[in-house]
Structures are given as C-alpha cells and as structure tokens.
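Trainee: following is a predicted model, sequence given first.
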Amino acid sequence: MRMYWSVFKLRLYNGLQYRSAALAGIVTQFFWGFIAIMVFEAFYSQALSQPPMSLPELISYIWLKQAFLILVILWLRDSELSDLITSGNIAYDLCRPSGIYNFWYAKLLAQRLSGAALRCSPILIISFFLPHPYRLMSPPDSFAFWLFIISLLLGLLLVTAISMLIYISVFATLSPSGSFLMFAVLGEFLSGMIVPIPLLPQWLQQILYALPFHFTADFPFRVYSGHIPASEALVGIGIQMIWLAVLFVVGKWLMSRALRNIVVQGG
Amino acid sequence: MITVRGLHKTFRVAKRSTGLGQAVKALFHREYKAIEALKDISFSIEPGEIVGYIGPNGAGKSTTIKVMSGILVPDSGICSIMGYTPWEQRVSYVKHIGVVFGQRSQLWWDVPVIDSFELLRDIYKVPETEYQSNLSLLTETLDLQELLGIPVRQLSLGQRMRCEIAASLLHSPSVLFLDEPTIGLDAMSKIAVRRFIQTINAERGVTVILTTHDMSDIEALASRIILIGKGRLLHDGSLQGLRSQFSTRKVITADYRTCHRPLAIPGAAILSWSPERAQFSINTGEIVVSEVLAALSSQVELLDVTIDGQPIEDLIIQLYKEHQLS
C-alpha cells in the first residue's frame, strides 16, 4: 500500500512541475466547453420535439466533462509506460518485488489524479458562478451528489482498467500511437464524451449501454444532474463494480501472458 | 548460491531482406529465423564471489543476466539462485537481488535522485533504519552527497551511473548483477565504480556478477571469469588459468650498447631491430626466457630488458578465433 502511495506522491510531484501545461489545459477546456454548449444551444433552440435531456442538464454534463476530463478520457497517454515497453526499460520494472499490473495501474491512476488535481477545481468553481444558461447547476439533492462522487471514482478506476488493456496491447503491437489512436477515437465516442448518450439514436443507445465505456463518463455525469434517478444509479454502480472485476481479471491474465512471451532486446 | 544448468534460449526473429520488393513480400509472408541466444549454459557461483561474465557483442551475456534476474523465461534448463527459480518466483525472488543495466535507467527522469531512492525504499519495503544506513554508506563510498538533490536529467553519465548503482543496492541485496556498469564512463568514474564494487563485496559479502567489454574492469575485479561466445560456454575459471592456458607468447624488448651487427637468437622471432634496441617474440612452450636472455647477453652488452605477457584483450581475441567466433 505504501508503495502505491509513494508512486502517487512522486507522480503528483512530477505533474506539479508542469504548471503552465495545467494552465493551458484549463483555458483549452473552458474554450471547448463554451463551444460545445453553444452548438448544443443552437440545436436545442430549433428542436422539433422535447430532447431527452434538458439544456441545464446538458450544460452541467459538459462542464463536468471539461472539469474531470483527465480523470475519464481514455486517450490520456502515459508515454513513459509505453516507452518502457517499446524501449525495453521494462526490464527494471520486472526486477521489482511487485506485480507489474498493480504497479502500472497505480502509476496510471496517479497520473490521472495528479492531472485532475490541478485542473478540476478552477473549472468547477468558475462554471458554478457563470450567468444563467451557462451555469453548472447544483445536484438535485445531497444523495445524488454522493452517488455522483462514488460513480465518478468507480468510473476512474474503470477507465484506468480499460487503458491498462491498451498498454498490454502495446506488447503485441509495439506501436503505442497505433494502439491509442484506435482506442481513443472509439472510446471517446462510446463513453459519451462527444455527444451524451441519451441524444444518440435508440438502437445505438442499446449497444452502448451494454458496453463498459458508458460507465466511465456518461453515467456519473448524468447521475450528478439527476437525469439518472437514484434508484437506477445504485444499480449502475453495481454494474460498474462488476465491470471493474471483469476487467481486472482479464487484464491480469493478459498481462501475465504477455510477460511470459516478452523479449527484451539489446544491451 | 547460484546454479545454472543446461540453459537454452531461442529467439524467433523475422527475417528482413533488403529492397522494396522483398519488403512488400514480407507483408504477406514473413519468414522467421530462430536465433539460439543460449546453448546449454551451465555454471555455479559461490557466495561472495565476483565473477566476470565476458564475451563478444551478441554472445548472450545480457540474455543470461536477464534470465537470472527473472525477466526472461528460458526455453529449457535449470536456474536456481538462493533456492528460487527466478522466472517462476519472480516477485519473492527479486527482493534479494540488485540489477544495474548500464544502458538503461531506473531513476525518474524529472525528479531529484533522492525521490527515486525513496520510491525504491517503499517499493522494496526497506525499514527506515536500514535504508538510512545503506543510504549513508552509498552516499559516502560513491560520493553522491551533491547529486542527491539534482533532477536526473541534469546529471552527467558518470554521475547518473553512480546513482543507478546506488539505487540497486538500497534494499541490501545479496546478489548484484551488473550489466556493463562502466559503459561510457571516464577513467575516474570507472575507478570509483570498481573500488565501490570491491568495497561492497568485501564488507557485505555481496556476490557480484558483472558483464563488461572493458578488460581492465575484469583484471581489477574478477578473480573468476566465465567466457561465452555465440551462446556457448567457452571458459570458466580464473584469469590466471586462462593466461597460462592460452598465453604462451611473450614479447622481450632489449636495449643495448650500440651494435651494428644484426642479432640472431635461435627460437625467437625478431619483431623489430635497430642498432640500440630489438624486440623478440617467443613462445614459452618452445624456449625458456632465460635461454633467450643468455643468448642475448652473449651477443650484445645489455642495458635494459623488459618482458611483456600478452595483454588480456589479445588473449580474448585469440580465444574467439580459436572458437571461430569473430
């Protein structure tokens, strides 16, 4: 446990060195947030029927997405880890008295948390005080808020578990950019980061709800606004845990297979 | 302590041919070539030994180190180190070993060295008192005091290597694998690293296995060498043993009072000659040094004589040639 805390601390410390990157990130996320809100606002003003998600719910969704982007985007890439695999520096990680899966999982989790630590609060605070239509609304009640926190954290664990699969695939492809490009495009859409899932066609929604991606971003953000009521949210949290267990088991199995076939070349 | 028996490892490598046509062909059909990196390697090492593991590039040195440190899984063979099979009990085994790969880095690039050390302390669960005493010993013997607060990216190669070695010893391992620890270091740093290896071997009884291309490392450190080439074990024994077995050639350089008459010594080949100085090469299997000196002194008035054995590098080259490796 102490080791994971230590990895996290070092990562956080590492991440804090890049203050200007964090600042630039905040500005970019605000910019994108406004664009997305304006685009949806335009669509909503021309809507022929009542959209399945109200505009305030949608706006909250967008701000939460912008604030917690680093926590939930699948394509957040830790080039250090993929470099470990392609350059063979994984040799050192294999000399440590810990499972590689857990060790890397801790590193990835720490990377997300340290990135978000710097970025989320300014966006949340400012968007909370914006004028009316652009405002991040508060959750309907405190129960919904706590459900949101739990589902967001589970979503974070889930997206990290999925991204571990991407890193494991690098063992086979040796091309991190290839692995990431594929997963990133697909994953971003599937998790509702581009268009919230309720706004998609019915048949597509059915497919997306059966996949784990929706539980990483779409689900917690809708729990926040109360678009997913508490009773449904509790069921969803249960499903999140099941997915998490499945992904852990699959990831560990794939990792142990990959490590048995590993070839560390050179020097 | 370490027993290795009948180790085999084969890598499957895609054949690459030159030319665009071949490259396109390889897209559809790829031919693989099996490269035998290790062929029936066996040896055993006692606690407290310093063993030099040498061989030409591509001989399989690093592959052996990687197998012994639990990174690679061999195709067949037995490797037992302190009762562990490295690749099967990796997690419990690696607590007892330290590894330095001279060409790789285990320190975090962007943070001060001491932070990487503290992370390693937590990864290996080293008790605080043990960590502090190890750290102070390492800091002192490797002269790290001023480096600890500097981010790794700002260190020179020699400074970084000293930190890398220290990082591998924070958890007091009983076996230390050093894969080319002196690569790219200047003379000063090399000597510092060597002295340090001797110190931890003598004071803590750490068993050291070291690969290197620098024969002076071996001469300074290793009482025993294991020579491999093309994946096969060629020699296992002392450096002196290797010398007496293969090095029968000696070079005798004689300075004498000017003498214009060319010298002729039976059984010795003249390498160079001038009126003041001559160099002979002899084979100690055929002629004894004293006979050559007697013959010399009967022909000229000797001022100075030096007798040189074959340098270790030449010896290795000769060995490679004998085994048709070069």
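Mentor: Structure received. Residues are numbered from 1 along each chain as shown, chains lettered A, B, ... in the order given.

Trainee: what ranges do the helices span in the chain?
Mentor: Just so you know, I chose chain A. Assignment of helices within chain A using DSSP state H yields the ranges A:2-16, A:19-45, A:55-67, A:69-72, A:79-87, A:90-93, A:100-128, A:142-173, A:176-190, A:202-210, A:218-225, A:230-260.

Trainee: other chain: chain B
Mentor: For chain B, the helices defined by DSSP H cover B:20-28, B:61-68, B:90-93, B:113-123, B:128-142, B:157-167, B:187-204, B:215-221, B:239-246, B:289-299, B:312-322.

Trainee: which residues of the chain score low on pLDDT?
Mentor: Went with chain A since none was named. In the predicted model, chain A carries pLDDT under 70 at residues A:262-267.

Trainee: I was after chain B.
Mentor: The model of chain B has pLDDT under 70 over residues B:16-17, B:26, B:245-247, B:311-313, B:323-326.

Trainee: swap in 50 and give it another go.
Mentor: Within chain B, not a single segment meets pLDDT under 50.

Trainee: quick one, domains of it?
Mentor: Chain B is divided into the following domains under automatic domain parsing: B:45-243, B:248-309.

Trainee: follow-up on the earlier one: export the helices of chain A to a markdown table and tack on distance to chain B and mean neighbour count?
Mentor: Bear in mind the C-beta positions are built from the backbone N, C-alpha and C, glycine included. As requested, these are exported to a markdown table (distance: least, Cβ to the nearest Cβ, whole Å; neighbours: other Cβ atoms under 10 Å in any protein chain shown):
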| stretch | distance to chain B | mean neighbour count |
| --- | --- | --- |
| helix A:2-16 | 4 | 18 |
| helix A:19-45 | 13 | 14 |
| helix A:55-67 | 26 | 23 |
| helix A:69-72 | 18 | 24 |
| helix A:79-87 | 8 | 17 |
| helix A:90-93 | 4 | 21 |
| helix A:100-128 | 8 | 19 |
| helix A:142-173 | 14 | 20 |
| helix A:176-190 | 16 | 17 |
| helix A:202-210 | 34 | 11 |
| helix A:218-225 | 31 | 27 |
| helix A:230-260 | 6 | 15 |
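
Trainee: of the ones you listed, which approaches residue B:33 most closely?
Mentor: In terms of Cβ to Cβ, the element of these nearest to residue B:33 is helix A:142-173, at 20.1 Å.

Trainee: so what secondary structure elements neighbour that closest one?
Mentor: helix A:69-72, helix A:79-87, helix A:100-128, helix A:176-190, helix A:218-225, helix A:230-260 (3 or more Cβ pairs under 8 Å, 6 or more residues apart in numbering or on different chains; DSSP states H and E).

Trainee: is it possible to get TSV of those helices that adds distance to residue B:143?
Mentor: What follows is the helices and strands packed on helix A:142-173, written out as TSV (distance: least, Cβ to Cβ, whole Å):
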stretch	distance to residue B:143
helix A:69-72	41
helix A:79-87	29
helix A:100-128	31
helix A:176-190	38
helix A:218-225	52
helix A:230-260	37
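
Trainee: ok, which of these comes nearest residue B:250?
Mentor: Sorting the helices and strands packed on helix A:142-173 by Cβ to Cβ, the top spot, which is the nearest, belongs to helix A:79-87 at 46.7 Å.

Trainee: counting by contacts, list what that closest one packs against.
Mentor: If contacts are counted by 3+ Cβ pairs under 8 Å, 6+ apart, helix A:79-87 sits against helix A:100-128, helix A:142-173, helix A:176-190.

Trainee: up against chain A, what does the stretch 1-150 of chain B have?
Mentor: Where proximity means Cβ under 8 Å from any Cβ of the partner chain, the interface of the stretch 1-150 of chain B facing chain A comprises B:11, B:62, B:66, B:69-73, B:90-92, B:94-95, B:97, B:99, B:101-106, B:108, B:110-111, B:115-116, B:118-119, B:122-125.

Trainee: what subset of these is buried?
Mentor: Burial by neighbour count, judged by 16 or more other Cβ atoms under 10 Å in any protein chain shown, picks out B:11, B:62, B:66, B:69-73, B:90, B:94-95, B:97, B:99, B:101-102, B:104-106, B:108, B:110-111, B:115-116, B:118-119, B:122-124 from the residues of the stretch 1-150 of chain B next to chain A.

Trainee: most packed of the helices of chain B?
Mentor: Most buried of the helices of chain B, by mean neighbour count (mean count of other Cβ atoms under 10 Å in any protein chain shown): helix B:61-68, with a mean of 26.

Trainee: how far off centre is it?
Mentor: Relative to the centre of its chain, helix B:61-68 is centred 13 Å away, using Cα atoms, centre = their mean, to the nearest Å.

Trainee: count of neighbours near the residue in the stretch 201-326 of chain B positioned nearest to chain A?
Mentor: Taking Cβ to the nearest Cβ as the measure, the point where the stretch 201-326 of chain B comes nearest chain A is residue B:211, at 9.9 Å. Using other Cβ atoms under 10 Å in any protein chain shown, residue B:211 is surrounded by 26 other residues.
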